[in-house]
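A.B. asks: sharing a sequence plus its predicted fold:
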Amino acid sequence: MTIELRRPREDDVTAPAPRIADGLFSPRQLIESLPGAVRKLDPRHMARNPVMFVVLVGSAIATGAAIVEPTVFSCLIALWLWFTVLFANLAESVAEGRGKAQAASLRKAKQNTVSRRLMPSGSEESVPATELKVGDLVVVEAGETIPGDGDVIEGIATVDESAITGESAPVIRESGGDRCAVTGGTTVLSDRIVVRITAPAGHTFVDRMIALVEGASRRKTPNEIALDILLAALTIVFLFAVVAIGPMSAYAGAEQGPVELIALLVCLIPTTIGALLSAIGIAGMDRLVQRNVLAMSGRAVEAAGDIDTLLLDKTGTITFGNRRATALHPAPGVTEAEVAGAARLSSLADTTPEGRSIVELCAEQYRLDPEPTGVGADAEFVPFSAHTRMSGLDLTDAEGTAVRIRKGAADAVGRWTAQFGTTVPAAVTDLVTDIARRGGTPLVVARVSGTTASVLGVVELSDVVKPGMSQRFAQLRSMGIRTVMVTGDNPLTAKSIAAEAGVDDFLAEATPEDKLALIRSEQDGGRLVAMTGDGTNDAPALAQADVGVAMNTGTSAAKEAGNMVDLDSDPTKLIDIVEIGKQLLITRGALTTFSLSNDLAKYFAILPALFSGIYPQLAALNIMGLATPQSAILSAVIFNALVIVALIPLALKGVRYRPAAASSLLGRNLLVYGVGGVVTPFVGIWLIDLVVRLVPGIG
Ligand SMILES: Nc1ncnc2c1ncn2[C@@H]1O[C@H](COP(=O)(O)OP(=O)(O)OP(=O)(O)O)[C@@H](O)[C@H]1O
Ligand SMILES: [K+]
Ligand SMILES: [Mg+2]
């Protein structure tokens, strides 16, 4: 088959989605996000964030007080309290805004496509893509857009997936193997395929992607919830403290108005981290999207920051996954034609890429008809499964003898022939060892005629390791992550590929259950496990892993099971994922430290201002030399609001992360953000006071 490549045109709807440069942040984003920030003032939305909800209620009360008793001071405080709430919403809105552009370009890929549905009669009918149901068969030909997610059940084609991956090089999609999944919204460039729809309209991969980049499906992670509870508890403590101050100061003869008390409360509670917390989480997900990784759960992103072990499957993950038959080796006393005949027969109904490549090899080298007539009428085909690791067929020959032909992994076929009292000859075992040592996959071909089994020979399958693997695995090792390759292939092939790719360890002849058990045992040892894979046989393991990254080239089952999808199908992408996870945790820690130590410094501005009338000694605390009590309080409130805006870029870009031991990182961050958090307000409030004291009625 010749596959003709068509380059996507500039004006194609499927032109690569624009990627926003990582960390790019412009003041324009702030202005564009303002309407979104105002909409978020809805109390139902605010209630999700206890700290900011208290500020919202405070703003409302202060506004009421300012209306009842309008002074320059009360009006300005009320105004800046509203700004505080607005700035918090702005942070979230800016973080979400970065996904909006992407969502818009994804929607284009989703625009109304008409599909060609195959009727049971074999005829075609035109239906809108939105009316497709799971199980429908659709025909897609060169130049047409694939109407929905599904599996190719017939044919092979080159597909332009740039609408989703941003990568313009076409990819091959074919029926049978681990490369059969196609995504709605992508375009077939050559040939014709029949696709069975696997996702109902509205629940496709692109729909999920849109919800994800827009943050619509975002839920709080357990860590975020824990931090939220801590912040809420602190808020309640300060609320009681401030409520108690009212009667106490009245008793002491310096009654405080509600506006002053609310200002005090807002300055004391952790508004900075309360305002930025959700933006930090959204930005982490967004950074992954920029790296072409879709994370379906924030929890997985956080777990990625602490990964100890990475499991990878071999075929399609470490290697390209288009294992092809490259040679046939007969057993002693068997002719090449005989092995070729049996290998071809056993593969005629084998729809895996391996099976098809055997039929092609037999056609090219032995001139065996790839589509013979007369075979299959009385034959029963035995499909390949990851459990049996064999495939083949059962038939009755011209003399009426029952004949069974199998090909498969050497150990599996060896066990099968052993049931009939035949062991694999040493010469064949040598062939198998030889192929496996070179990193190829040997498939042993055997036949049982009546009750006599004979081993006919070996098919050699070759696959290629993706480039650049070993340097990247070395990098993972330097980050303290152990890499283990798990494969259904035999130990020798596994060993050879493991050495070439540079993984630390490997597990061969693994069934889906073995992969799952390995993950469980690692987890029982208290380790966090990441798994990357592409096959249906990887799905249980992908679901069990703390971080399950499915290759985009993989099957829909794998993509459903994992909690991340790598659109570039690059297993070493885990390096980026780990870095982003660590950066997310560090950023959150740093800003929490900054926020709490910041509030401490505000005591010094507000407490002397409130009480120096009663306790003149407190004036000594006014080390900033603030003009009047009112200018001190107003300056503290303004600083408290502005610091949120000032930290939005840091929350979005993340604290700089360099690979280093966790303890030294923690120490450094505590120093920078703890000390920085104490010092900044002194400078900031002092500067703001210089301006505020000029306002009539304040200074
Ligand atoms: N079409 C086939 N017919 C018969 N045997 C096959 C076929 N395809 C693969 N095998 C054999 O079964 C083994 C297991 O295949 P399986 O797809 O489960 O794992 P794998 O793809 O080799 O490994 P990985 O889990 O790394 O992707 C292969 O190593 C091969 O020996
Ligand atoms: K505060
Ligand atoms: Mg596989």
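C.D. replies: That came in fine, so what should we check first? Nothing here was measured: the structure is a model prediction, and the numbers come from that model. Ligands and ions are numbered 1, 2, ... in the order given.

A.B. asks: other residues contacting stretch 237-245?
C.D. replies: Defining contact as CB atoms under 8 Å, 6 or more residues apart in numbering, one finds that stretch 237-245 is touched by 54, 256, 261, 264-265, 268-269, 610. Every residue, glycine included, has its C-beta placed from N, CA and C.

A.B. asks: what mean pLDDT does it have?
C.D. replies: The average pLDDT within stretch 237-245 is 88.

A.B. asks: how about stretch 105-115?
C.D. replies: Mean per-residue pLDDT for stretch 105-115: 77.

A.B. asks: got it, and stretch 607-614?
C.D. replies: 74.

A.B. asks: what does the stretch 401-550 of the chain put close to ligand 1?
C.D. replies: Contacts of the stretch 401-550 of the chain with ligand 1, taken as CB under 6 Å from any ligand atom, map to 407-409, 441, 443, 487-489, 535, 537.

A.B. asks: ok so, going back, make CSV out of the contacts of stretch 237-245 and add distance to residue 304 and secondary structure.
C.D. replies: CSV is the format used below for these (distance: CB to CB, whole Å; DSSP: H, G, I helix; E, B strand; the rest coil):
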residue, distance to residue 304, secondary structure
54, 33, helix
256, 48, coil
261, 44, helix
264, 41, helix
265, 37, helix
268, 35, helix
269, 31, coil
610, 46, helix
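
A.B. asks: still on that earlier bit, which two in the residues of the stretch 401-550 of the chain next to ligand 1 are spaced the farthest apart?
C.D. replies: Greatest spatial distance in those: 407 and 535, 19.1 Å, computed using CB to CB.

A.B. asks: name the nearest of the residues of the stretch 401-550 of the chain next to ligand 1 relative to ligand 2.
C.D. replies: residue 535 (51.1 Å; CB to the ion).

A.B. asks: show me what contacts the closest one?
C.D. replies: Contacts of residue 535 (CB under 8 Å, 6+ apart): 178, 313, 315-316, 386, 554-555, 558.

A.B. asks: tell me which residue of this structure lies closest to ligand 1.
C.D. replies: residue 488 (2.5 Å; CB to the nearest ligand atom).

A.B. asks: what values do phi and psi take at that residue?
C.D. replies: Note on residue 488: its backbone torsions stand at phi -80, psi -10 [degrees, to the nearest 10].

A.B. asks: residue 507 is in contact with that one, correct?
C.D. replies: No. Residue 488 is not in contact with residue 507 according to CB atoms under 8 Å; the separation is 10.0 Å.

A.B. asks: tell me what the most centrally placed residue in the chain is bridged to.
C.D. replies: For the chain, residue 295 is the residue whose C-alpha lies nearest the centre (CA atoms, centre = their mean; 2.5 Å). Residue 295 has these beta-bridge partners by DSSP bridges: residue 564.

A.B. asks: can you pull the residues of the chain lying near ligand 2?
C.D. replies: 271, 599, 640 (CB under 5 Å from the ion).

A.B. asks: so what's the residue sitting furthest away from the middle of the chain closest to, chain neighbours aside?
C.D. replies: Residue distances from the centre of the chain (CA atoms, centre = their mean) peak at residue 253, which lies 59.9 Å from the mean C-alpha position. Nearest residue to residue 253, sequence neighbours excluded (CB to CB, 6 or more residues apart in numbering): residue 614, at 6.5 Å.

A.B. asks: between residue 488 and residue 507, point out the one with more neighbours.
C.D. replies: residue 488 (24 against 17; other CB atoms under 10 Å).

A.B. asks: shaky segments in the chain?
C.D. replies: Low-confidence segments of the chain (pLDDT under 70): 1-25, 216-217, 254, 373-377, 613, 659-663.

A.B. asks: strand partners (parallel or antiparallel) of the lengthiest strand in the chain?
C.D. replies: Longest strand in the chain by number of residues (criterion: DSSP state E): strand 452-462. Strand 452-462 sits in its sheet next to strand 324-330 (antiparallel), strand 441-449 (antiparallel), going by DSSP bridges.

A.B. asks: what residues sit buried inside the helix or strand where residue 582 lies?
C.D. replies: Using DSSP states H and E, residue 582 sits in helix 574-611. Buried positions in helix 574-611, judged by neighbour count with 16 or more other CB atoms under 10 Å: 574-599, 601-602, 604-611.

A.B. asks: between the next helix or strand after that helix and helix 574-611, what angle do the directions make?
C.D. replies: Next in sequence after helix 574-611, counting helices and strands by DSSP H and E, comes helix 629-653. Interaxial angle of helix 629-653 relative to helix 574-611 (axes from the mean of the first three to the mean of the last three CA atoms, to 10 degrees): 180 degrees.

A.B. asks: need the next SSE after helix 629-653, C-terminal direction.
C.D. replies: Helix 629-653 is succeeded, C-terminally, by helix 662-669 (DSSP H and E).

A.B. asks: how much space between whatever residue of the stretch 301-450 of the chain ends up closest to ligand 3 and residue 486?
C.D. replies: In the stretch 301-450 of the chain, the residue found nearest to ligand 3 is residue 315; the distance is 4.2 Å by CB to the ion. Look at residue 315 and residue 486: by CB to CB, to the nearest Å, they are 11 Å apart.

A.B. asks: report the buried residues of the helix or strand in which residue 92 is found.
C.D. replies: Counting by DSSP H and E, the element that carries residue 92 is helix 72-109. Across helix 72-109, burial judged by 16+ other CB under 10 Å covers 73-99, 102-103, 105-106, 109.

A.B. asks: that older thread, is the residue nearest to the centre of the chain in contact with residue 287, as I believe?
C.D. replies: No. With contact defined as CB under 8 Å, residue 295 does not count as touching residue 287 (9.8 Å).

A.B. asks: and the helix holding residue 92, how far out from the chain middle?
C.D. replies: Offset of helix 72-109 from its chain centre (CA atoms, centre = their mean, to the nearest Å): 25 Å.

A.B. asks: give the pairing partners of whichever helix or strand comes after that helix; include direction for each.
C.D. replies: The helix or strand immediately downstream of helix 72-109 is strand 114-118, counting by DSSP H and E. Strand 114-118 sits in its sheet next to strand 124-128 (antiparallel), strand 137-141 (antiparallel), going by DSSP bridges.

A.B. asks: domains in this protein, as residue ranges please.
C.D. replies: Domain assignment for the chain by the TED database gives 27-99+222-288+584-638+652-693, 114-147+149-198, 293-318+466-567, 320-464.

A.B. asks: and the ones you listed, which is most packed in?
C.D. replies: domain 293-318+466-567 (a mean of 22; mean count of other CB atoms under 10 Å).

A.B. asks: for the domains of the chain, give me TSV that also has distance to residue 213.
C.D. replies: As requested, the domains of the chain are exported to TSV (distance: least, CB to CB, whole Å):
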stretch	distance to residue 213
domain 27-99+222-288+584-638+652-693	3
domain 114-147+149-198	12
domain 293-318+466-567	8
domain 320-464	28
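
A.B. asks: for residue 439, which non-adjacent residue is spatially closest?
C.D. replies: In space, residue 439 is closest to residue 496, 3.9 Å off (CB to CB, 6+ apart).

A.B. asks: now do the SS call for that neighbour.
C.D. replies: Classification of residue 496 by DSSP: H, G, I helix; E, B strand; the rest coil places it in helix.

A.B. asks: the spatially closest residue to residue 611 that is not a sequence neighbour and ligand 3: what is the separation?
C.D. replies: Nearest residue to residue 611, sequence neighbours excluded (CB to CB, 6+ apart): residue 618, at 5.2 Å. Separation of residue 618 from ligand 3 (CB to the ion, to the nearest Å): 71 Å.
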